[in-house]
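**Student:** fold the following and give me the result.
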Amino acid sequence: MSSVLKAPTTLVADPYSMPLEELDPAKVEIFQNDALWGYFKRLRDEDPVHFHEDSDFGPYWSITKFDDIMFVDTNEDLFSSEGGITIGPMKADAERAKEFQTPMFIAMDPPKHDVQRATVVPVVAPKNLAAMESIIRERAAKILDSLPIGETFDWVDTVSIELTTQMLATLFDFPFEERRKLTRWSDIATSGPDVISTEERRAELLECLEYFTRLWEERKEGAVGLDLISMLSHGENTKNMQPMEFLGNLILLIVGGNDTTRNSISGGVVALNENPEQYQKLRDNHALITSMVPEIIRWQTPLSHMRRVAKEDVEVGGKTIKKGDKVVMWYVSGNRDETAIDNPDSFIIDRARPRHHLSFGFGIHRCMGNRLAEMQLRVLWEEILQRFNMIEIVGDIDRTPSIFVKGYTHIPVKLHAK
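**Tutor:** Next comes the predicted model:
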């Protein structure tokens, strides 16, 4: 079963060729063709808090500047996460989507959010992270040592997906030989109706629920372990979750542990190939890995947006957002905001403040696995630089057909030995 989901590419309109009120960045083809930058540049410059009256997802506000995004993200008393974190569903699919609700703690408000998050956050506690580093290094070394020198292969599947899926299997204590099921379910969960039908998506996610329910039943009978399923099945505030809420939290943890890191691993290779002077700087000074890792995460922004709903009338950027309005924080735009980040379109591995970015979110919903993601990237690049002089991209890149996951499905590369 392939983990790569494809959608046909489409020609993308010039964002400056249309009236401002018609400008809507929530189009798969914009992201799949890497044509989003002009759209967000125009919105930041001309209408940074922008209302879309008639999008494919219904009416919504686009928040595109760094400080405005921070305001929305850190004011959970004004903006609710209930009901979902993505811009969807599409209008045409809205009624069927209501029939298949998967609540998850990132799409909840306090206090329920707080107690569910607290149940699983120990999996990435400092002591656990320290123990994981040697596992990550061993696995990264094994994967890298198996790669062919001078032959073309797909970096996404062979390295990015494989390393992150192995780590995800460890976090869940999931049967290692079946770990690619996690990759598939992650892809299914984040794919839109132009890639997979609602019925097919539902069937595959129910298969995910059935599989994990068996693991749940096994774990709840044993002692509390350090894996996520054990923590959820024993947690006072999670042990009585309804099946669809369990599925929702599974999707959250699978996507959070898989898509984000895997696309940053791929994004780093793309960024260094597009900026050969930075690649040389890295080869000359391996210590720059420390600042390069958060720069990769900023430059890539593996999750392009999160959405909220206004709890009351709120003024943002001089505009009044009405109670009940859908508000989309475009992290991918805020990370390219010239008023908040110097030279934001450039990939600079020795930035003075490399962690000054929005990719992990802020406030109560800030990514709980941010340090694990950074550690995986750091360890991988330490091992890469010991072995290879260059990872060269040798063909066309295929990008993920999604407006939520900003990533890659295929990157053909050749390795150059040291």
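**Student:** show me what counts as buried in stretch 198-216.
**Tutor:** By 16 or more other C-beta atoms under 10 Å, the buried positions in stretch 198-216 come out as 198, 201, 202, 204, 205, 208, 209, 211, 212, 215, 216. Any C-beta I mention is one placed from the backbone N, CA and C, and that applies to glycine too.
**Student:** which residue in the residues you listed has the weakest pLDDT?
**Tutor:** Among the buried residues of stretch 198-216, residue 198 carries the lowest pLDDT, at 78.
**Student:** gap between that residue and residue 57?
**Tutor:** Distance of residue 198 to residue 57, given as C-beta to C-beta, to the nearest Å: 15 Å.
**Student:** from the contact counts, what lies against the helix or strand hosting residue 373?
**Tutor:** Residue 373 belongs to helix 370-387 when elements are defined using DSSP states H and E. Applying 3 or more C-beta pairs under 8 Å, 6 or more residues apart in numbering; DSSP states H and E, one finds that helix 370-387 contacts helix 126-145, helix 162-172, helix 243-274, helix 289-300.
**Student:** which residues touch the residue nearest to residue 16 when sequence neighbours are not counted?
**Tutor:** Spatially, and ignoring its direct neighbours in sequence, residue 16 is nearest to residue 42 (6.3 Å; C-beta to C-beta, 6 or more residues apart in numbering). If you count contacts by C-beta atoms under 8 Å, 6 or more residues apart in numbering, residue 42 has them with 15, 16, 20, 23.
**Student:** how many neighbours does the second one have?
**Tutor:** The tally of other residues near residue 16 (other C-beta atoms under 10 Å) stands at 12.
**Student:** that one and residue 38 touch, don't they?
**Tutor:** Yes: counting by C-beta atoms under 8 Å, residue 38 is a contact partner of residue 16 at 6.9 Å.
**Student:** hmm, which of the contacts of residue 42 are the buried ones?
**Tutor:** Looks like the contacts of residue 42 have 15, 23 buried, using 16+ other C-beta under 10 Å.
**Student:** let me know the outermost residue of the protein.
**Tutor:** residue 221 (33.1 Å; C-alpha atoms, centre = their mean).
**Student:** any idea of the pLDDT on it?
**Tutor:** 88.
**Student:** circling back: and the helix holding residue 373 with helix 126-145, angle?
**Tutor:** Interaxial angle of helix 370-387 relative to helix 126-145 (axes from the mean of the first three to the mean of the last three C-alpha atoms, to 10 degrees): 30 degrees.
**Student:** helix or strand next in line after helix 370-387, which one?
**Tutor:** Beyond helix 370-387 on the C-terminal side, the first helix or strand identified by DSSP H and E is strand 388-393.
**Student:** so in that sheet, which strands flank that following strand, and in what orientation?
**Tutor:** strand 412-417 (antiparallel) (DSSP bridges).
**Student:** list the buried residues of the partner strand.
**Tutor:** Residues of strand 412-417 classed as buried: 412, 413, 414, 415 (neighbour count, 16+ other C-beta under 10 Å).
**Student:** cool, and stretch 53-66?
**Tutor:** Neighbour count says stretch 53-66 has 55, 56, 57, 60, 61, 62, 63, 64, 65, 66 buried, by 16+ other C-beta under 10 Å.
**Student:** of those, closest to residue 313?
**Tutor:** residue 61 (12.6 Å; C-beta to C-beta).
**Student:** okay, and for this protein, where does confidence drop off?
**Tutor:** Applying pLDDT under 70 to the chain flags residues 1-10, 89-108, 192-194.
**Student:** what segments of it are strands?
**Tutor:** 49-52, 60-63, 79-80, 153-154, 305-310, 314-316, 319-321, 326-330, 388-393, 398-399, 408-410, 412-417 (DSSP state E).
**Student:** could I get these as CSV with distance to residue 144?
**Tutor:** Shown next, in CSV, are the strands of the chain (distance: least, C-beta to C-beta, whole Å):
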stretch, distance to residue 144
strand 49-52, 44
strand 60-63, 40
strand 79-80, 43
strand 153-154, 12
strand 305-310, 33
strand 314-316, 46
strand 319-321, 48
strand 326-330, 35
strand 388-393, 8
strand 398-399, 23
strand 408-410, 19
strand 412-417, 9
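**Student:** for residue 359, which of the ones you listed is the nearest?
**Tutor:** strand 305-310 (10.9 Å).
**Student:** which of the residues in the closest one are buried?
**Tutor:** Here strand 305-310 shows 305, 306, 307, 308, 309, 310 as buried, counting by 16+ other C-beta under 10 Å.
**Student:** out of these, which comes closest to residue 235?
**Tutor:** residue 306 (24.6 Å).
**Student:** show me what contacts the closest one?
**Tutor:** Listed by C-beta under 8 Å, 6+ apart, the contact set of residue 306 reads 73, 85, 86, 328, 329, 331, 361, 365.
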